[in-house]
Structures are given as C-alpha cells and as structure tokens.
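**Q** Sequence and computational prediction follow.
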Amino acid sequence: MGKVVVPVGPQHPALKEPEGFSLTLEGEKVVSATVRLGYNHRGIEKACEERTYTQNIYLIERICGICSHTHSTCFIQCVEELAGVEITSRAAYIRTLVGELERIHSHLLWLGVAGHEIGFDTLFMYSWRDRELVMDLLAMLTGNRVNYGINTIGGVRRDVSSEQIKDILKTVDKLEERTKYYIEVLTQETTIVQRLAGVGRLSKEDAIRLGAAGPTARAAGVKRDTRKDDPYAAYGEVPFEVITDQNSDVLGRGIVRVKELMESYKIIRYVLERLPEGELTVKVPKKIPAGEAISRYEAPRGEDVHYVKSNGTEMPERVKVRAPTLANLSSISHMLEGGYLADVPIIIAAIDPCFSCTDRMITVTDREKDSKSMLDWNKLRAYSIDWHKERGLDFSAISHLREDGR
Amino acid sequence: MSKIGKILPVALKTLFTKPSTEAYPYVKKLVEDDFRGKLEFNCDVCIGCNICTRVCPAKAITIEKVEGEEKKFKAIVHLDRCIYCAQCVDSCPKKALKTTQAFELAGFETGNMTVEV
Amino acid sequence: MEDKLSLFYILIFPGFIFLSLYGLLIEYVDRKLYARFQNRVGPRWYQPLADIIKLASKETIIPRQADNRMFRWIPVFALAAASTSVLYVPIWGTNSASSFDGDILVVMYLLTIPTLTFFLAGWYSKSIFATVGAIRALTQLFAYEVPLLMALLAPALLANTWSFTKMAEFYSHHPLYSVFNIIGFVVAIIAVQGKLERVPFDIPEAETELAGGPFVEYSGRLLAIFRMAIDVEMVVVASIIAAVYIPFFYNAVPVLGFLIYVIKTMFVVLILAAIRSIFARLRIEQMINFCWKYLAPLAILQIIINIIAKGVLK
C-alpha cells in the first residue's frame, strides 16, 4: 500500500480544540507527522495591555479552562514581585490548596480522556464521576467550578472555614481510595496495558533535548518539578515527592499522573492541618512600579511561565505567557513517528494538550530580504475566501458580514 | 502482572447502584450559597460612584441615573458579556451589589441579554 | 396460501417488522446496560426509535466524489441481508420460518454481507477516513470469521446436522450435550463483538481516530438504514447464540415460548454489553493476533472435543 496523508485536525474527534496534525501513513504505520499551530489565536496577551492589573486577573484566568488557577497565580506572582509585596502565609496556603485541588481535577480529567481515546469509556465515566467531587469542593471554596477567581493581587478573595476543611478532608479520603483503584486498573487491566505500554516512546535524552515539561518529562525519568526546583506559594514548606517513572511511554505518563494525585492528597492534608492564621490580603497600590518580572508555576501539564513588564501605570506594558503545552508540543511529532494510526489520539492526549492556551501568532520572516510579514484579520479573511474559491466554494457572497472584524 | 477484565467486579456492582448522573433539566442541580451567579442590585444604597463599571473586565455593568429622581440609580448588566467574576461585588464601597444563585441565564437573542437588575 | 405465508414471514414475523422493533428494543437494552455499567442513567426506552426518526427526517448528503448509485444502495443491501438471515434461525420454539440441511452456512454467508457492505460503503465514500475504516473492516473480517464459523460448526457436528432447526431440536431433546459447547459459546460471544464492531473490536469505526470509519460520509436516511441493519444483525446474532448454545426450556405454547426467547436473547445482550464496558479498544494487529492465537485454537479444541464426545457417546 502506498503512502497516504491523513489530516488529524483542525477538526477531529480526538482533539478537543482545533490543531492541525498531518500524518503520512504507510498502511497503519505513521511515517512522519507535522504539527500546525495557530487555529485558535485569541490575542489575550495584547488584550492584557489595554486592561488594568485587576481586570487582567480575570482575563488571564480564562486562558485555560482547566488550569485557570495556574495562569492567574503565575501572573499575580509577577505583579506582586513588581509591586514588592509579600502575601501572608495564610493566603499562600490557600493558593496552594486551590492549586492542588485543580491538579486533582485536571489529572482525573486526563485519566478519563485517556480512557476515551483508547475506547475505554467506562474508565472515562468513572474518573469523571469522581472528578465531580473535586469540582464540588472547588465550587464550595471559590464560588465556581471553573475559573475560580480566588486570586487577587496581594492575596486571596475568600477564606476557608473550619467546616469546609472538614468537608475537604472527607472528600480527599474518598478520592484517595478511588485513586488507588485507578492505579490498579491502569497498571493491571490487560487491554489498557496492551494499548499504552511501549506507545509514544520519548527517551530521557530526547525529553531534555526537545524541552518536554511536566509529567511528559517526568515519565521519561527527568526529575523536574517547579514546585520543588523553584518553590512558590507554600510549596517551600510542604513535604512531597516528585514522581518520576522509567517507562518513558504513554503508560508511564499515566502512572506519573495518578501517582501525583496521591501526592496532591498528601499536600492538601498537610496544608489544611497547618493552615496559619492571618489576613487574607495585603494592600497593593493600583499603579505598579516600572520593571520586569518573570514567574514560574507547575501547572498540571508542566511548567507555566509568565512575563510581565510594567511602566508605572495601572496597566502592564507587556504580558507574555508560555503555556506548558508549547514546551511539550515539539516532542509530539517525534513520539508519533513509527507508531500506529490507532495510537495517534492517545499519544497526543498523553501530553495533556491545551492548544488554545498555547496558540500564537505566526510572523513569516523572509531571510533574504530580511523582512517580516503578518496577516491581519481582514487579510486573513480575504485569503481564506480566495482559498476556498479556488476549490469551488464561494463565500464572497457573505463577505459583507462581520466586515468590522469582530 | 495483568488481569483481563480488571474492572468487571466494580462494573457489575455499579449495575445495581444508583446512577450518579441526573436528568438535568428535569432534576435541578443545586449550587452553593455563595455561588457567583447573576448580580443583584440594591438601589437604596448605591451612590453612583461607578467603581463597578471601572473594575469590570468585561464592560458588562453600567450604572445609570433614574430619570426624574434625585440620587437614585439603576444597574444595567449585559448578561452576555458578564464573566461572573464578581469583582464589582468586591469593589463596591457600599455593598450595593450581591451575587445570587441564578445560573441558567442563556437566551436565544443577543438583544434580550441586557437587563436591569 | 403458500405465497402469502412466505410474505408474512419475510415482512412481519420473524421478518422485517418484528426484527426492526425487536432490534430497537435490543439497542435500547444494550445502551441502557452500558450506561448502568458506567454509573449513568442511560437513555429512555424510545431513544433508539427517536434517533432513527431524527436521522430519517434529516437531509442526506452524498459526497460529490462518491459513487452515487452504490452509495445509496449499500445500506439497503446491509439491511436486506441481515433481515433475510433470520428466516433460518429458530425463534418460536425450535422451529424457524424456513429450514433445510445446510442453512447454517447460508446464515453465516448472509451475516458476512453487512460487513462487506461496510467495506464497500467506506470504499465508495472516497474519504480517507472511510477508506482506512473500510480496509480495517475487511482485515478484521478475516480474523473473527474463522473462529466464529468453527465455534458454530462444533455444536452442529455433535448434533449431526447442518441446520439450525434440527440442531435446536437435537439439543432440546439432549440438553446435557450442550455442556460440551461451553468453549464454543465463549469463542462465539467474543467473535461476535468483532462482527458487530463493538469494543474491544470496534476498530473499523474507532471514533477517536477515524471519526466513525466507513460511515463517516453517511448521513440522514442512509445512515438510519445502516443503524437499523446493525440493530437487526444484533438480533440475529443474539438469536443464533441463544438457539445454539442455550437450547433449554423450549415451550410449544406460543406466548411462553416467545418469552423464553426474549429472556435468552436479553441474557446474550447482557454479556455483550458487559464485554463492551470492561475493555479498551485493541489495535488492529493486536486484534488479529488475538483471534488467530487464542480464538481459533480454542475453536479447534472445541471441534476436537465434540468429535471425541460424539465417538464416545454414540
């Protein structure tokens, strides 16, 4: 059988967000794979420059629906560094608590998605059922299931009461028991092991060379965790272990994630036992002094980096977000090559991708003329209308619609 | 060590337990008391300082004077723009704004999404 | 009179109308059980019918590159083949609507036609996903068909007949003989998952990688016919397994006999739904390995056991 090119994406059931993968197949084997970014660029970094720091918290929080606490905390850490304030330790502990609850919900979500990608819908339903317990906890603590809005510049917005602590501990016990069961299922169920073991290999050297982050790197034996390497919030005081695995395949990535759940339960118990008394917020002026700051945060998917440059006004001059998926994306085509078509969805899912958070604008650089070019919204629209016209679809009749570029 | 059908005992047990899903919208999901839902406005204490309008990240709330009445204000909320962050509630110096538990706020027409609360 | 009776058999019972209604019921039971295994509420009883009505009322889109005539006729072939095969399968007691010595093979051939139509449907759709799915459907056919046929032949060997009706009659008189067929029952149940393209063998459809495989371009009425054909196939397959491997409690009283038939087929559906719930989808090469390495030898073992049993017992 000859080579065929299969487009996975930008719209495909294996992908929850638009992203383009172009696979060259020989029979069922993937010979080569290319990744195309840029289907869901939202211009959040630019929008940040037109909003005050307080407004930006909520905008930044909406970069990702799953690791929303990650992004807002990472951004706020930059702002607090620029303003030169230190948050109270109670606020730091609450941030840690919400951060770990978010990690639990994200990893349980991943487990379900992984189950679905290999056709194991029962595991998907079970793990999402248990994820609801965490979502309820987050709703109770912060007022919403996603986009918690617990952070504010200089601290947190809501306190944790002693009754809530009791509820959290009870739920964590229940979740721990379930997680133990999932570890057994993941490592013992024959069809799962058959589908995951040896799939999407990424050796330690390759993981370092391609700059993998988070569980993807840790599954290859790279002991790298921002919570340990560069502690933020309360992680400097909390004892926990960095989980690594030597499998360096999709199964290893799964094992790292479920074992990290167990560590998260430990962290939550520690944090709740030693929750210090104190104020929730410290006063921060509206105008942030000029300067630059960078902050790192261990998102459930890997290391998240934010950069903020301020100019002494109420609004930042530049905000730069490097979501963890961008770090892992370069290793995807390496992992896909040599695998089977059937493994493509699970390999992509195994880095726990968040494409919208990652997407960036593409600037085309002409090296010979040394010039840079970019397509703005209207040019892009015109281009796409022409592109479809060449292929027999005429959209020019509706071109008057939304000409304003909204 | 691998087992064929590891999940079977639990699956069989689940067959006889109560389903954990609910038939929404016939069965309503209850939300927490301090859920960040639709805004509620107390016109008696509002002083029309417009801080809420200024802090809103989504330009979703405006405070307008009530015609013909002295120092009386009404709040106009664009439900389609509001991101329910409740920063306006936190910023309000007179505590005139409050969040409620209302969350089923979807509508069919964009024109109907601007309401006075 | 003869003609009218055949028409009744083909169109009403156990033909098209009965099959469609019972197929929808079986789909509902399957989906409900699947949902309950997963701790979900599951669909309401009319959901499969509602799905079919919804699909039938929708626009049917035929891709420009696809072969128009083939694209339209293939679903009909699938449904016709699946509905015809039921005429030789016992439903009411041990008798089927029609029977002759050798109808086992005819039924097996008729049941292969839906799978072939899946292949043709994918092939004539001219979409890359459908083509890959079509090739997978055909590859898979070669893997499960041999064990399935052997597993059905073994009981036939013991009963010394090539007809479902006579086989059912034989086992109803000697119910203890069916104890020998337990291995065959297991093999048939597993192979049937491949025939019906269900987890762990739903490789041709594989939603997450192929987006529905051969049916990716199908929509509207044509997809509804395909869905119907799969439901009907499931009824036939469940009836065959019930008739061959669970040949107990036949009752000549019409209503009671039918009730027993329903209980038996539902039991088969329960097992099929359980298998669907507890496994992940295998890769195509793993599936073929499994079928040839484990299923086929087991089926051969079953045949050997039955040959020996026949020699010893008679």
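**A** On my side now, so go ahead. Residues are numbered from 1 along each chain as shown, chains lettered A, B, ... in the order given.
**Q** So which bits of the stretch 151-300 of chain C are right by chain A?
**A** C:199-200, C:202-203, C:206-209, C:211, C:277-286 (Cβ under 8 Å from any Cβ of the partner chain). (Glycine included, C-beta is placed from N, CA and C.)
**Q** And the residue of the stretch 1-150 of chain A that's closest to chain B?
**A** A:Gln55 (3.7 Å; Cβ to the nearest Cβ).
**Q** Now for residue 86: which residues touch it?
**A** Since no chain was named, I'll use chain A. A:80, A:282 (Cβ atoms under 8 Å, 6 or more residues apart in numbering or on different chains).
**Q** ah, no, chain C please
**A** Contacts of C:Val86 (Cβ under 8 Å, 6+ apart): C:14-15, C:19, C:97, C:232, C:235-236, C:239.
**Q** repeat for A:Met262
**A** A:Met262 sits in contact with A:176, A:179-180, A:183, where contact means Cβ under 8 Å, 6+ apart.
**Q** Just among those residues, which is most surrounded?
**A** A:Thr179 (24 neighbours; other Cβ atoms under 10 Å in any protein chain shown).
**Q** next structured bit after the strand or helix carrying that residue?
**A** Taking DSSP states H and E as the criterion, the element that holds A:Thr179 is helix A:162-188. Counting by DSSP H and E, the next helix or strand C-terminal to helix A:162-188 is helix A:190-196.
**Q** could you point out which element follows that following helix?
**A** Assigned by DSSP H and E, the successor of helix A:190-196 is helix A:204-209.
**Q** which parts of that following helix are buried?
**A** A:204, A:207 (16 or more other Cβ atoms under 10 Å in any protein chain shown).
**Q** any idea which helix or strand comes after it?
**A** helix A:214-218.
**Q** How about the helix holding A:Thr179 and chain C, any contact?
**A** No. Applying Cβ under 8 Å from any Cβ, one finds helix A:162-188 separated from chain C by no less than 10.1 Å.
**Q** any idea how far that helix is from the chain center?
**A** 23 Å (Cα atoms, centre = their mean, to the nearest Å).
**Q** before we move on, back to that, how near is the residue of the stretch 1-150 of chain A closest to chain B to A:His41?
**A** 21 Å (Cβ to Cβ, to the nearest Å).
**Q** Over to B:Leu97?
**A** 34 Å.
**Q** Those two: who's more crowded?
**A** Using other Cβ under 10 Å, the more surrounded residue of B:Leu97 and A:His41 is B:Leu97, with 23 against 14.
**Q** contacting residues around the more buried one?
**A** B:Leu97 touches B:39-42, B:52, B:75, B:88-89, counting by Cβ under 8 Å, 6+ apart.
**Q** for A:Thr216, same thing?
**A** Per Cβ under 8 Å, 6+ apart, neighbours of A:Thr216: A:202, A:207, A:253, A:302, A:328, A:331, A:350-351.
**Q** Go through the residues you listed and name the one nearest C:Leu87.
**A** Nearest to C:Leu87, judged by Cβ to Cβ, of those is A:Ala350 at 49.4 Å.
**Q** The closest one: neighbour count?
**A** 30.
**Q** That one and A:Val256 touch, don't they?
**A** No. A:Ala350 is beyond contact range of A:Val256, at 10.3 Å (criterion: Cβ atoms under 8 Å).
**Q** Just the element for A:Gln55, please.
**A** Applying DSSP H and E, one finds A:Gln55 within helix A:53-61.
**Q** Enumerate the residues of chain B near chain C.
**A** Counting by Cβ under 8 Å from any Cβ, chain B sits next to chain C at B:5-8, B:11-12, B:14-15, B:17, B:19-23.
**Q** Now C:Pro214. Nearest residue, chain neighbours left out?
**A** C:Gly122 (3.3 Å; Cβ to Cβ, 6 or more residues apart in numbering or on different chains).
**Q** That neighbour against C:Leu210, yeah?
**A** No. Judged on Cβ under 8 Å, C:Gly122 makes no contact with C:Leu210 at a distance of 9.4 Å.
**Q** all strands in the stretch 251-400 of chain A, in order from the N-terminus.
**A** Assigned strands in the stretch 251-400 of chain A, in chain order: A:291-299, A:302-310, A:316-322, A:364-366, A:371-373 (criterion: DSSP state E, counting those that start in this stretch).
**Q** swap in chain B?
**A** B:39-41, B:61-65, B:73-78, B:97-99, B:114-116 (DSSP state E).
**Q** CA atoms only: put the second one into CSV for me.
**A** What follows is the C-alpha trace of strand B:61-65 in CSV, where atoms were taken according to Å, rounded to 0.1, in the frame of the first residue of the first chain:
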residue,chain,number,x,y,z
ILE,B,61,-22.2,46.7,34.0
THR,B,62,-23.2,50.3,33.9
ILE,B,63,-24.8,52.5,36.5
GLU,B,64,-27.4,54.9,35.2
LYS,B,65,-29.4,57.7,36.9
